[in-house]
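**Student:** one predicted model, sequence on top.
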Amino acid sequence: MSNAVVHADSHGQAHAAHHPALQHHFDTMGQQKEAAVIGMWVFLLTEILFFGGLFMAYMLYRTWYFDAFAEASRSLDIFWGALNTAVLIASSLTMAMAVRCAQVNKRMATVNWLILTMILGAVFLGVKVIEYSDKFEHHHVPGLNYKWAAEHPSTALGAGAPAPVAGAGHAEPAAAAAPHRELSLSPEQLQLTTQIYFSLYFTMTGLHALHMIIGIGLMSVITWMAWKGKFDAEYYTPVEMSGLYWHFVDIVWIFLFPLLYLVERP
Amino acid sequence: MSGHVSPVSLYVTIFLSLMVLTAVTVFAAFVDLGPFNFFVALVIACFKASLVIWFFMHLKYQSALTKLTVATGLFFLMILLTLTMVDYSSKGFTPMPSILQ
């Protein structure tokens, strides 16, 4: 059994009987696929915890400085956020269709769905560019040039009024009664605390956009491979894995949209 | 072995559900529910994420081991979020709203 010739023989037979994409350390295509799926999910779980830390920071600061988050969130345009949500959900559908076409051996359909997915991803990033440049114009990027000008100046407390920095917001029974309720933060406090919101906004959407860019890069390789005919109904694992990644990025945005754009809109 | 092939109609149904739920999210945000606005938004987002994970990411058709792997990760995310919030809200050195104290 330790004879190298015997090994070469059985290996040669294996090649004759098995799919060319089956690597020698797996017994069957099913086993190889299962290993890839679990491996990809484990990677995505590390990504979930990676974004989870940011969501944790968001939750805590939103609780502490709710009024700042509500005010800053109102400066975002719901239209762009909702449009991007729709674009990403549509791109998840096209990605799912790409995987499905790979499963049923439709080579060109797979390529076309992947290209459509990349186009939708590019549309999302384009909208993000519009939103970011708007934030730069309004000096809403945290840092030296940051300048918070209240959208509704009448709502903020006067400069001299003493106000608790945090602990307000939800706790006040009349707090959310009126759309332009009185805020618990002075303009000076808003100048400081809204920067926390925008720091989280740019970190979270920026990391999300980085994942989108990586996803598009990944998909362009997969598209090329699909076009070259590297996949069939037995072996389409790379298409499915990049699909898992793309859907994960979609899920992150499903949470980012309500958390960043819809803090307090009534 | 080529994995489960979902019908196109299922994908379209999930897509339309996600679109409707997005509209519901935006609509619900403009209804004044006080602190519950946050929970409504989170519940809808969790439901949308579940649809994506279950059908688009094919978790429904994966092995029990894969499902357990995913559940373990989500469990650890819950630990990260809840225990950190419990820690902060039970300490006196940070200002928390009365509902969390």
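**Tutor:** Alright, I've got the coordinates.

**Student:** how close does the most centrally placed residue in chain B sit to residue A:251?
**Tutor:** Central residue check for chain B by Cα atoms, centre = their mean: the C-alpha nearest the mean position is that of residue B:46, 1.8 Å away. Here the criterion is Cβ to Cβ, to the nearest Å. By it, residue B:46 lies 10 Å from residue A:251. Any C-beta I mention is one placed from the backbone N, CA and C, and that applies to glycine too.

**Student:** what does residue A:124 give?
**Tutor:** 14 Å.

**Student:** and the strand or helix carrying residue B:23, average pLDDT?
**Tutor:** For residue B:23, the element it lies in under DSSP states H and E is helix B:8-29. Averaging pLDDT along helix B:8-29 yields 96.

**Student:** residue A:211 against residue A:249, yeah?
**Tutor:** Yes: applying Cβ atoms under 8 Å, one finds residue A:211 in contact with residue A:249, separated by 4.8 Å.

**Student:** between the two, who's got more neighbours?
**Tutor:** Here residue A:211 and residue A:249 are compared on neighbour count by other Cβ atoms under 10 Å in any protein chain shown; more neighbours surround residue A:249, at 24 against 19.

**Student:** so who does that one touch?
**Tutor:** Applying Cβ atoms under 8 Å, 6 or more residues apart in numbering or on different chains, one finds that residue A:249 lies in contact with A:88, A:208, A:211, A:212, A:215.

**Student:** what about the second one, how many residues nearby?
**Tutor:** Residue neighbour count, defined by other Cβ under 10 Å, stands at 19 for residue A:208.

**Student:** repeat that for residue A:83.
**Tutor:** Going by other Cβ under 10 Å, the residues that sit close to residue A:83 add up to 14.

**Student:** check the gap between it and residue A:94 for me.
**Tutor:** 16 Å.

**Student:** buried ones in the helix or strand where residue B:43 lies?
**Tutor:** Residue B:43 is part of helix B:36-51 when elements are defined by DSSP H and E. Residues of helix B:36-51 classed as buried by neighbour count (16 or more other Cβ atoms under 10 Å in any protein chain shown): B:37, B:38, B:40, B:41, B:44, B:45, B:48, B:49, B:51.

**Student:** hmm, residue A:96 is touching residue B:56, no?
**Tutor:** Yes: applying Cβ under 8 Å as the test, residue A:96 and residue B:56 come out as touching, 4.8 Å apart.

**Student:** common neighbours of the two, please.
**Tutor:** Contact criterion Cβ under 8 Å, 6+ apart; residues shared by residue A:96 and residue B:56: A:243, A:247, B:11.

**Student:** report the longest helix in chain B, please.
**Tutor:** Longest helix in chain B by number of residues (criterion: DSSP state H): helix B:64-89.

**Student:** give me the angle between that helix and helix B:36-51.
**Tutor:** Following axes from the mean of the first three to the mean of the last three Cα atoms, to 10 degrees, one obtains 160 degrees for the angle between helix B:64-89 and helix B:36-51.

**Student:** can helix B:64-89 be found next to chain A?
**Tutor:** Yes: with Cβ under 8 Å from any Cβ of the partner chain as the measure, helix B:64-89 is seen reaching chain A through B:65-66, B:69-70, B:72-74, B:76-77, B:80-81, B:84-85, B:88.

**Student:** can you pull the buried residues of that helix?
**Tutor:** Those buried within helix B:64-89 under the rule 16+ other Cβ under 10 Å are B:66, B:69, B:70, B:73, B:77, B:80, B:81, B:84, B:85, B:88.

**Student:** closest one of those to chain A?
**Tutor:** Top of the list for closeness to chain A, among the buried residues of helix B:64-89 and by Cβ to the nearest Cβ, is residue B:73 at 3.1 Å.

**Student:** and the closest residue to the closest one other than its chain neighbours, what are its phi and psi?
**Tutor:** If the residues on either side of it in the chain are set aside, residue B:73 comes closest to residue A:45, at 3.1 Å by Cβ to Cβ, 6 or more residues apart in numbering or on different chains. Reported as degrees, to the nearest 10, the phi and psi values for residue A:45 are phi -70, psi -40.

**Student:** tally of neighbours for residue A:45?
**Tutor:** Other residues within reach of residue A:45, judged by other Cβ under 10 Å, total 19.

**Student:** from residue A:228, how far off is the residue in the stretch 1-150 of chain A that chain B sits nearest to?
**Tutor:** Residue nearest to chain B within the stretch 1-150 of chain A: residue A:45 (3.1 Å; Cβ to the nearest Cβ). According to Cβ to Cβ, residue A:45 stands 32 Å off from residue A:228.

**Student:** number of residues surrounding residue 63?
**Tutor:** No chain specified, so I'll use chain A. Here the count is done by other Cβ under 10 Å, and residue A:63 has 23 residues near it.

**Student:** that's the wrong chain, I meant chain B
**Tutor:** 12.

**Student:** out of everything not next to it in sequence, what's closest to it?
**Tutor:** For residue B:63, ignoring the flanking residues on the chain, the nearest one in space by Cβ to Cβ, 6+ apart is residue A:34 at 6.2 Å.

**Student:** surely the one you found meets residue B:61?
**Tutor:** No: in this structure, residue A:34 is not within contact of residue B:61 by Cβ under 8 Å, at 11.7 Å.

**Student:** for stretch A:215-229, buried residues please.
**Tutor:** Neighbour counts over stretch A:215-229 (16+ other Cβ under 10 Å) mark A:215, A:216, A:218, A:219, A:222, A:223, A:225, A:226 as buried.
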